[in-house]
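**Student:** Have a look at this prediction, sequence included:
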Amino acid sequence: MSTRKAALLAVGSFNPPTIAHLRMLETAKSHLETLNFQVCEGIMSPVADSYNKKSTVVSAQHRFKMVSAATKSSNWIRGDDWECTRPTWTRTLAVLKHHLEGVRQKHGAETCLFLVVGGDVVDSFPRILPDGSNLWNADDILKIIMDFGLIVISRDGATPLQTCQAMPTICHVADRITILEDQVLPNLISSTRLRQAILARKSIKYATPDDVIDYIRENNLYAA
Ligand SMILES: Nc1ncnc2c1ncn2[C@@H]1O[C@H](COP(=O)(O)OP(=O)(O)OP(=O)(O)O)[C@@H](O)[C@H]1O
Ligand SMILES: NC(=O)c1ccc[n+]([C@@H]2O[C@H](COP(=O)(O)O)[C@@H](O)[C@H]2O)c1
């Protein structure tokens, strides 16, 4: 069987990045390798500041630097600041389209780009915003699943398959979504837990790479 090249994209706040964010990319890579893909690159793209109105979210500049620190020891995952340096929020389909171009230039015109998300992101697909608009466009979701490829990492409390099956606009492609468990490190880690621990002066060692901890300490992030 011939090898196909692939790259992976993870989007999110990464406020701060945790080992769960890194594990989701490693889990997706291992799975694709069993399907004979050669996974060339993993991209972590922090969302722009304009997306989050929460006061707990530190600036995109800090979040990008923490992602760079988190990926320092990886030989295939890197942070990318194209999304977070744009003045307005960029929908994930547009982020994928942007990176597909770069990835194909680097690794060849046949390279695939998959989106990797936790199950909670899929559970947000049907969410209606207070102004009545959809958080996700149905068309975007269809394109992400069919034109790119959606890999979902199970997350406690999330029911991604049921969510997709219950959405009339995407139920017919629900079986095209890959849902994986992290068998090596099933976890309940979240950025929220790390922020809470820092605030309570508790250790976050081993929940994120040491370089991220150093960056948080040097910049006095998340402390009261
Ligand atoms: N423990 C986990 N298991 C599976 N997916 C995860 C996990 N933690 C984060 N993710 C996924 O990583 C991506 C980026 O997540 P994000 O930066 O919002 O982190 P978070 O831990 O969910 O943040 P917060 O606690 O601040 O809401 C999302 O696709 C999210 O579902
Ligand atoms: N319509 C969209 O493209 C869309 C909608 C909601 C969240 N997202 C992305 O998903 C990521 C995670 O967002 P949440 O932290 O709100 O779950 C962010 O990077 C955000 O940009 C994209």
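**Tutor:** Received it, and whenever you're ready, just let me know what you need. Ligands and ions are numbered 1, 2, ... in the order given.
**Student:** Spell out which residues of this protein are next to ligand 2.
**Tutor:** Residues of the chain lying close to ligand 2 by Cβ under 6 Å from any ligand atom are 11-13, 47, 51, 91-93, 121, 124, 135-136, 140. Where C-beta positions appear, they are placed from N, C-alpha and C, glycine not excepted.
**Student:** now those residues as CSV including secondary structure and pLDDT?
**Tutor:** Below are the residues of the chain next to ligand 2 laid out as CSV (DSSP: H, G, I helix; E, B strand; the rest coil; pLDDT from 0 to 100):
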residue, secondary structure, pLDDT
V11, strand, 98
G12, strand, 98
S13, coil, 97
V47, coil, 97
Y51, helix, 93
R91, coil, 98
T92, helix, 98
L93, helix, 98
V121, helix, 98
S124, coil, 98
L135, coil, 97
W136, coil, 98
D140, helix, 98
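**Student:** Now neighbour count too, for the residues you listed, in a markdown table please.
**Tutor:** Listed next are these as a markdown table, based on neighbours: other Cβ atoms under 10 Å:
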| residue | neighbour count |
| --- | --- |
| V11 | 22 |
| G12 | 20 |
| S13 | 19 |
| V47 | 22 |
| Y51 | 18 |
| R91 | 14 |
| T92 | 22 |
| L93 | 19 |
| V121 | 21 |
| S124 | 12 |
| L135 | 11 |
| W136 | 20 |
| D140 | 16 |
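**Student:** Go through the residues you listed and name the one nearest ligand 1.
**Tutor:** Set against ligand 1, the nearest of these by Cβ to the nearest ligand atom is G12 (2.3 Å).
**Student:** quick one: the closest residue to that closest one other than its chain neighbours and R86, what's the gap?
**Tutor:** Excluding the flanking residues, the one nearest G12 by Cβ to Cβ, 6 or more residues apart in numbering is V47, at 6.5 Å. Between V47 and R86 the computed distance is 10 Å (Cβ to Cβ, to the nearest Å).
**Student:** Could you do G118 as well?
**Tutor:** To R86, G118 is 23 Å away according to Cβ to Cβ.
**Student:** One more: A224?
**Tutor:** 31 Å.
**Student:** Which residues are in contact with F64?
**Tutor:** P46, G79, D81, C84, T85 (Cβ atoms under 8 Å, 6 or more residues apart in numbering).
**Student:** Just the ones of those residues in strands?
**Tutor:** Members of the contacts of F64 lying in strands (criterion: DSSP state E): P46, G79.
**Student:** hmm, back to that, okay, A224 and R86: which has more neighbours?
**Tutor:** Between A224 and R86, counting by other Cβ atoms under 10 Å, R86 is the more crowded of the two (16 against 6).
**Student:** per-residue confidence for that one?
**Tutor:** Note on R86: pLDDT of 96.
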